[in-house]
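Enquirer: Okay, structure incoming, though there's no sequence with it:
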């Protein structure tokens, strides 16, 4: 499975993204766990390869539902495929004892936990990591920064900056909607943790 997701991701990225530094970004990504990591600890795509699966799903939704004449294929690919790049090197697999209800025996079960070595914020960290390799356009930076919508920590803390970003940059709204649809509709039931 991993090769299938990785190959599809790389094929889309290499076909659509031609900005200076994109080759170095992709090369770095291949040195991380991006292509094997989960997308969450227990919710959507909490499974091996979940992060790359989610990135591809967001790209598909963004492209199928929201691409309009005048939109940039490169921007859509960059934002959708890399919006959660902050989750590379972010999760750790651990085990805990869980009682088997049928046998009464305690068994070790794997689970994912967060080990954030660079706690910079979710969208902010993704923008930072991308811009280590290539320059984002303002609309792209806003889209990646605010893709979490109302789930973003600064919004929960009372920031109104997201409203201004959504008003000025339609791509930011489109990416947020694509992320929501991928997470809650297309990826419903994809958590191995919740199945266990």
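Expert: Yep, that arrived. All figures in this text were calculated on a predicted structure; none of them were measured in a lab.
Enquirer: What are the buried residues along the helix or strand containing residue 154?
Expert: Secondary-structure assignment from DSSP states H and E places residue 154 in helix 153-156. For helix 153-156, the neighbour count (16 or more other C-beta atoms under 10 Å) marks 154-155 as buried. Where you see a C-beta, it was placed from the backbone N, CA and C, and this is true even at glycine.
Enquirer: Remind me what that helix packs against, helices and strands.
Expert: helix 161-168 (3 or more C-beta pairs under 8 Å, 6 or more residues apart in numbering; DSSP states H and E).
Enquirer: Now with 10 Å, please.
Expert: helix 122-131, helix 161-168 (3 or more C-beta pairs under 10 Å, 6 or more residues apart in numbering; DSSP states H and E).
Enquirer: Out of these, which is the most enclosed?
Expert: Of all those, helix 122-131 has the most neighbours on average by mean count of other C-beta atoms under 10 Å, namely a mean of 21.
Enquirer: Just the angle for that helix relative to helix 161-168, thanks.
Expert: If you take axes from the mean of the first three to the mean of the last three C-alpha atoms, to 10 degrees, helix 122-131 sits at 60 degrees to helix 161-168.
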